[in-house]
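[1] the sequence and its predicted three-dimensional model are supplied below.
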Amino acid sequence: MHWYALFVEAGKEELVQTLINKYIDEPTVRTLVPKRKLCEKRKGEFFHIDKPLFPGYVLIHTQMNNAIYYKLKKIPKYYRLLNMYKNNETNKQINKREVHDTEQKHLEPTYLFSEISDNEMSLVLQLLGDEQVIDYSRVYVINSKVIVQSGPLKGKEAIIKKVNKQKKRVKILLNFMGNEIAMDVGIELLSPREYIDPTGP
């Protein structure tokens, strides 16, 4: 089985996930709407909110076949399966023309659409917790160097590209369907004075 990315109406990710789970009663189908926890300030107060990691996408783990493919097409707010090879000449020719349902029955979906690579999905799943959310990592920032004490980013400092101390966020870089995507995730800032260098003096 593989992971696929479904392109859906932005803001309707959880609705599409619910509808898929309701109408596609397949034991081999698993859906995922990964989120990230962020701290936002409103009217002088801080709030913790969860935002989609990939806005406009629902991830689905399954062995894609014609039956599942056509069930997905009936789900409201669902647009299409994301095609990693959209610039491929064969797919260009297919996507240029309107293909009638009678013709589509003979097209294998896995021929048209690509799965998310194992490496890309492995990192996403490592970052997510049981609640399918990237929770806060506890972070020191010492002389512009980011040191993660604990949390989902521990051991993954290489994907951290920028720190915003004021907003308590870091910008990370993830690969998704062959593209690099920068996004903010929340952190808990620790005082540098509390840091103890494990290598000693």
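    Cool, the structure landed. Numbering: from 1, shown residues only.

[2] what about the helices in this structure?
    Secondary structure of the chain (DSSP state H): helices located at 13-23, 66-72, 89-96, 101-104, 109-112, 118-127.

[3] give me the buried positions along the longest strand along the chain.
    Assignment by DSSP state E gives strand 179-189 as the longest strand of the chain. By neighbour count on 16 or more other Cβ atoms under 10 Å, the buried set for strand 179-189 is 183, 184, 185, 186, 187, 189. All C-beta spots, glycine's among them, are computed from the backbone N, C-alpha and C.

[4] and what of stretch 148-158?
    Neighbour-count burial for stretch 148-158 flags 148, 151, 152, 153 (criterion: 16+ other Cβ under 10 Å).

[5] from those residues, pick the one nearest residue 47.
    Residue 47 has its nearest neighbour among the buried residues of stretch 148-158 in residue 151, at 19.6 Å by Cβ to Cβ.

[6] residues contacting the nearest residue to the closest one once chain neighbours are set aside?
    Using Cβ to Cβ, 6 or more residues apart in numbering and skipping the chain neighbours, the partner closest in space to residue 151 is residue 137 (2.9 Å). The contact partners of residue 137, taken as Cβ atoms under 8 Å, 6 or more residues apart in numbering, are 148, 149, 150, 151, 152, 153, 154, 170, 185, 187, 188.

[7] show me which pair in these is furthest apart.
    Largest pairwise distance in the contacts of residue 137, by Cβ to Cβ, is 15.5 Å, between 149 and 185.

[8] tell me how far residue 61 lies from residue 121.
    9 Å (Cβ to Cβ, to the nearest Å).

[9] all strands for the chain, in order.
    Applying DSSP E to the chain gives strands spanning 2-8, 30-32, 35-42, 45-52, 57-62, 78-81, 133-134, 137-142, 145-150, 160-164, 169-176, 179-189.

[10] mean pLDDT lowest where, among these?
    When these are compared by mean pLDDT, strand 78-81 comes last with a mean of 86.

[11] which other helices and strands contact that one?
    Contact partners of strand 78-81 among helices and strands, from 3 or more Cβ pairs under 8 Å, 6 or more residues apart in numbering; DSSP states H and E: strand 2-8, helix 66-72.
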